[in-house]
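# What follows is a predicted protein model with its sequence.
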Amino acid sequence: MQSCGNKPCLQIGVKNRLGKKYGPNWVSVDKYDMRDFIDYHYDIHDLPFEDNSFDAVVCISILEHVPYPLKAIQEFKRILKPGGKIWVQLPWLCPYHAVPKDYWRVSPDGLRVWMEDFKEVSCGTYMWRKTYFSIATYFYGEK
């Protein structure tokens, strides 16, 4: 999903290890990250984008820090074009990390409930390669 051609895509948060946007057609949003390549510091509970603005939305390791994830997910649905793709990932077995807050851990079943307005393509967990621990849950779907 990172390529998305030249279509407008939304990247919620940018992982430190990546340190950049996925590409020039990606708009980056992070309320707290002040690095130069973050385009907007919006609250994802209320995104000031037009309806049906993006062909893809990617949100990795952000929703655990959001007090009202269902409200944020409804915003993702609103701004995603019909047929657009969505990828949401959260930590599962991960230590508490309170920057800015740490509210949620969600199983694949719970994530399916949160994402019920999207057509599921895939949902599950990532395993840490050296153990049997699931370290993240993910949902890949489309509007």
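It's in.

# If we ignore the residues flanking it in sequence, what's nearest Tyr138?
Taking CB to CB, 6 or more residues apart in numbering, and ignoring the residues beside it in sequence, Tyr138 has Gln89 as its nearest neighbour in space, at 4.3 Å. C-beta coordinates here come from the backbone N, C-alpha and C atoms, glycine included.

# Run a quick neighbour tally on that neighbour.
Neighbours of Gln89 under the rule other CB atoms under 10 Å: 19.

# so which strand or helix has it?
strand 80-91 (DSSP states H and E).

# List the contacts of that strand.
By CB atoms under 8 Å, 6 or more residues apart in numbering, the surrounding residues in contact with strand 80-91 are 1, 52-61, 63-64, 73, 76, 104-106, 111, 114-115, 118, 121, 126, 135-143.

# rewinding a little: name the residues linked to the residue nearest to Tyr138 by a beta bridge.
Note on Gln89: beta-bridge partners by DSSP bridges are Ile60, Tyr138.

# Can you read off the pLDDT for it?
pLDDT recorded at Gln89 is 94.

# measure the residue minimising distance to the centre of the chain to Cys94 for me?
The centroid of the chain falls nearest to Cys59 when counting by CA atoms, centre = their mean (1.1 Å). For Cys59, the distance to Cys94 (CB to CB, to the nearest Å) stands at 16 Å.

# Ile86 now?
With distances taken as CB to CB, Ile86 is found 21 Å from Cys94.

# Settle it for me: which of those two has more neighbours?
Higher neighbour count among Ile86 and Cys94: Ile86, with 25 against 15, using other CB under 10 Å.

# For the spatially closest residue to the more buried one that is not a sequence neighbour, what is the enclosing helix or strand?
When the adjacent residues along the chain are set aside, Ile86 lies closest to Val57, with 4.9 Å between them (CB to CB, 6+ apart). Val57 is part of strand 54-60 when elements are defined by DSSP H and E.
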